[in-house]
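Asks: A structural model of the following input is requested.
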Amino acid sequence: MANTGFFHHIGTFLLFAATILLLITTISSPVVNDIAILKVKIDDNSAITFGTFGYCTTSSSGDVCTGKHIGYNPALIMESIDNTDFSTASMDTSKALTRVMILHPIACGVSFIAFLLALGSGFCGAIAAAMMSLIAWIITIVVMITDFVLFGIIKRHVNNDGSGSNAYFTTAMWTLLVAMLCLFLGTILVLLTCCSSRMHRQNKPTKHAESGYVGNGTATTRRHFWQRRTRY
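Replies: Okay, here's the model as predicted:
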């Protein structure tokens with residue numbers, strides 16, 4: 001985009017980086033079983049990885065993953081596999097919040113649209129890119145808070161039940177967090193460089209004004225004040 005300079009390109013790159021990071025979160029278990037939002041290590045040979053559309057169990061005998069679907073019950077899974085005790089409220093809350101994770105691919109898609117708009121030229125395109133990236137940032141904030149609450153419930157119960165299992169946030173959670181930061185900075189940079197470019201064009205004198213064109217299209221030569229004749 002003309003007149004936006006180096007900082008606009010940085011903002012565009014940040015939008016692209018956010019898209020890739022959100023894509024990594026989206027394709028977590030069971031799509032890619034090695035990428036997880038929360039990982040529960042049962043023992044040295046077995047673990048459970050929770051992702052956007054399901055979960056996987058890993059053991060020395062191999063990996064077993066669920067089908068890809070919206071919403072599942074991580075508390076019930078931990079209760080059946082590791083005998084972790086959950087209250088009814090915790091189980092219902094965690095189950096309901098997994099449906100919000102559909103916002104992962106939505107945020108990824110909106111971020112990608114913002115990136116494409118930022119690649120285009122023109123003031124309107126940059127404004128549209130900034131607005132779309134702002135929407136993607138809001139969606140990412142919402143789903144990130146949801147993920148921390150949802151898997152925070154699972155993590156707290158697993159680590160406090162005395163079974164020896166260890167739950168911790170892993171790759172897909174941190175890519176989501178970094179994507180949120182990239183969207184925030186990218187939105188600011190694209191919007192500021194866009195407004196700066198607009199102001200620069202408004203303040204820049206035209207060639208006609210500089211060369212002394214008059215209304216009838218003819219050019220006039222500017223003279224110093226001592227060269228000008230008086231009317232009297």
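
Asks: OK, contacts around A18?
Replies: A18 makes contact with 111, 133, 136, 140, 179-180, 182-183, 186 under the criterion CB atoms under 8 Å, 6 or more residues apart in numbering. The C-beta positions use only the backbone N, C-alpha and C, and glycine is treated the same way.

Asks: the host helix or strand of S80 - what's its average pLDDT?
Replies: For S80, the host element (DSSP states H and E) is helix 74-82. Summarised as a single mean, pLDDT over helix 74-82 is 92.

Asks: and stretch 154-170, by the same measure?
Replies: What stretch 154-170 shows for mean pLDDT is 92.

Asks: got it, and stretch 114-122?
Replies: So the average pLDDT for stretch 114-122 ends up being 83.

Asks: that one: how far from the chain's middle?
Replies: Stretch 114-122 sits 16 Å away from the centroid of its parent chain (CA atoms, centre = their mean, to the nearest Å).

Asks: for that stretch, list every residue counted as buried.
Replies: Of the residues in stretch 114-122, those buried by neighbour count under the rule 16 or more other CB atoms under 10 Å are 114-118.

Asks: now stretch 140-158
Replies: 140, 143-144, 146-148, 150-151, 153-155, 157-158.

Asks: quick one on the thing from earlier: now the helix or strand just after the helix holding S80: average pLDDT?
Replies: Under the assignment DSSP H and E, the closest C-terminal helix or strand after helix 74-82 is helix 88-97. In this model, helix 88-97 has a mean pLDDT of 93.

Asks: CA atoms of the next helix or strand after helix 88-97 as PDB?
Replies: Once helix 88-97 ends, the next helix or strand along the chain (criterion: DSSP H and E) is helix 103-119. Once non-C-alpha atoms are left out, helix 103-119 reads as follows in PDB (Å, rounded to 0.1, in the frame of the first residue of the first chain):
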ATOM      1  CA  LEU A 103     -14.400 -19.800  17.600                       C
ATOM      2  CA  HIS A 104     -10.800 -21.000  16.900                       C
ATOM      3  CA  PRO A 105     -11.300 -21.600  13.200                       C
ATOM      4  CA  ILE A 106     -13.600 -18.600  12.900                       C
ATOM      5  CA  ALA A 107     -10.900 -16.300  14.400                       C
ATOM      6  CA  CYS A 108      -8.400 -17.900  12.000                       C
ATOM      7  CA  GLY A 109     -10.600 -17.200   9.000                       C
ATOM      8  CA  VAL A 110     -11.400 -13.600  10.000                       C
ATOM      9  CA  SER A 111      -7.700 -13.000  10.600                       C
ATOM     10  CA  PHE A 112      -6.800 -14.400   7.100                       C
ATOM     11  CA  ILE A 113      -9.400 -12.000   5.500                       C
ATOM     12  CA  ALA A 114      -7.800  -9.100   7.400                       C
ATOM     13  CA  PHE A 115      -4.400 -10.200   6.100                       C
ATOM     14  CA  LEU A 116      -5.700 -10.300   2.500                       C
ATOM     15  CA  LEU A 117      -7.300  -6.800   2.800                       C
ATOM     16  CA  ALA A 118      -4.000  -5.400   4.300                       C
ATOM     17  CA  LEU A 119      -2.200  -6.600   1.200                       C
END
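
Asks: I'd like to check the angle between the helix or strand just after helix 103-119 and helix 74-82, please.
Replies: Next helix or strand after helix 103-119 toward the C-terminus (DSSP H and E): helix 123-160. Per axes from the mean of the first three to the mean of the last three CA atoms, to 10 degrees, the angle that helix 123-160 makes with helix 74-82 is 40 degrees.

Asks: which residues are contacting the very next helix or strand once past helix 123-160?
Replies: Counting by DSSP H and E, the element after helix 123-160 in chain order, helix or strand, is strand 166-169. With contacts defined as CB under 8 Å, 6+ apart, strand 166-169 is touched by 37-41, 151, 154-155, 158-159.
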